[in-house]
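# no FASTA, just this:
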């Protein structure tokens with residue numbers, strides 16, 4: 001088995017066994033705490049540009065199947081596990097993780113101390129790193145200097161958003177879904193409720209969106225810093241008050257920035273399927289699926305038309321807002337799960353109900 005190195009920008013070197021693609025790859029190392037759902041994690045566009053570490057020790061035991069993808073083309077830069085299952089056992093299994101990552105040209109490393117790596121990330125924050133072959137030509141000092149000099153990525157959404165609009169037909173409410181790096185689970189939940197969906201790129205103008213006469217607008221999840229998505233913020237600002245909206249993850253952040261709030265980078269992000277979130281309106285606590293490195297500053301909401309509706313019980317950060325005047329609400333977590341618990345799936349029903357209420361008002365005024 002070929003050896004592979006994971007070299008961090010602070011000079012830490014992990015030596016493990018290579019799997020997946022043989023190429024070298026550079027990215028930001030993050031960790032996620034899910035015990036299952038690695039296929040959805042690999043294919044989640046919100047992981048664009050990142051080397052993903054799984055904290056659960058055994059990964060790949062049920063293989064890769066045709067049904068659980070969250071995008072067609074995975075956007076991760078690398079995959080880090082303690083132990084990779086070589087002979088998965090599941091009736092849906094089509095490929096091993098190794099075979100799938102090889103086919104998608106994504107390198108992986110196993111056999112390293114993922115607990116130590118996670119502690120480094122928790123203490124120092126997300127760090128840049130490179131996956132490379134363990135050979136005599138590797139100069140660790142040169143690689144560390146290169147990592148430290150590499151600027152942060154700012155084109156996340158542009159890389160994962162579709163280049164053109166496409167329909168996902170239904171006979172129910174007409175929804176425009178702005179795709180900043182959408183997990184397909186969001187689209188599945190809308191289709192399950194018979195919504196007639198038009199998926200559009202992140203830089204679609206408000207004028208183009210309103211020309212389709214939508215009953216509602218969905219703001220999807222996506223990767224990176226919301227401040228980098230200037231076109232998206234401008235579009236959402238122009239849409240506020242025109243039609244009901246529901247935002248998830250990056251969509252929540254973009255909407256909040258459009259209303260005048262501010263965002264900040266979390267030390268090591270929220271990633272996994274076991275994050276408790278409290279609904280301040282009802283007192284209910286849901287276990288949620290999360291994947292984000294930025295959050296909205298609660299103090300910055302004071303001078304906006306937004307009220308906070310949800311908080312993270314682990315660290316007290318903002319997990320949801322609602323507009324005080326218009327039918328718009330957003331959450332930082334993933335109610336579509338995929339992977340993770342489905343405690344908050346009811347939010348899609350609230351979105352449908354909100355569109356029906358607004359449609360009823362329009363008929364009364366007519």
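Yep, it's here. The model shown is predicted, which means the values in this text are computed figures rather than measured ones.

# can we go C-alpha only for contacts and neighbour counts from here?
Fine.

# ranges for the helices of the stretch 101-250 of the chain?
114-124, 140-149, 156-160, 184-192, 206-210, 230-239, 250-258 (DSSP state H, counting those that start in this stretch).

# nearest to residue 167, of these?
helix 184-192 (10.7 Å; Cα to Cα).

# and among the helices of the stretch 101-250 of the chain, the most buried is which?
With neighbours taken as mean count of other Cα atoms under 10 Å, the helices of the stretch 101-250 of the chain reach their highest mean count in helix 250-258, at a mean of 28.

# who touches that helix?
Identification of contacts with helix 250-258 by Cα atoms under 8 Å, 6 or more residues apart in numbering yields 180, 219-223, 226-227, 229, 232-234, 236-237, 247, 262-263, 292, 295-296, 306, 320-321, 330-332.

# Tell me if I'm right that residue 189 and residue 336 touch.
Yes. With contact defined as Cα atoms under 8 Å, residue 189 and residue 336 form a contacting pair (6.8 Å).

# circling back: please list only the buried members of the contacts of helix 250-258.
180, 219-223, 226-227, 229, 232-234, 236-237, 247, 262-263, 292, 295-296, 306, 320-321, 330-332 (16 or more other Cα atoms under 10 Å).

# quick revisit: mind checking which of the contacts of helix 250-258 land in strands?
Per DSSP state E, strands hold the following members of the contacts of helix 250-258: 219, 247, 263, 292, 295, 296, 306, 320, 321, 330, 331.

# distance of the fifth one from residue 104?
Using Cα to Cα, to the nearest Å, one obtains 31 Å as the distance from residue 295 to residue 104.

# what does the last one give?
As defined by Cα to Cα, residue 331 lies at a distance of 31 Å from residue 104.

# And stretch 227-247, end to end?
16 Å.

# average pLDDT across that stretch?
Averaged across stretch 227-247, pLDDT comes to 98.

# Show me how far that stretch is from its chain's centre.
Relative to its parent chain, stretch 227-247 has a centroid offset of 18 Å by Cα atoms, centre = their mean, to the nearest Å.

# what's the answer for stretch 167-177, then?
22 Å.

# Of all the residues in that stretch, which ones are buried?
170, 173, 174, 175, 176, 177.

# what's in contact with that stretch?
191, 193-200, 209, 213-220, 352, 355.

# name the helices or strands packed onto the lengthiest helix in the chain?
Taking DSSP state H as the criterion, the chain has its longest helix at helix 346-365. Helix 346-365 sits against no helix or strand, with contacts defined as 3 or more Cα pairs under 8 Å, 6 or more residues apart in numbering; DSSP states H and E.

# try 10 Å
strand 174-179, helix 184-192, strand 216-219, strand 245-248, strand 328-331 (3 or more Cα pairs under 10 Å, 6 or more residues apart in numbering; DSSP states H and E).

# Can you tell me how far the nearest residue to residue 132 once chain neighbours are set aside is from residue 6?
Using Cα to Cα, 6 or more residues apart in numbering and skipping residues adjacent in sequence, the residue nearest residue 132 is residue 24, 4.5 Å away. Separation of residue 24 from residue 6 (Cα to Cα) stands at 10 Å.
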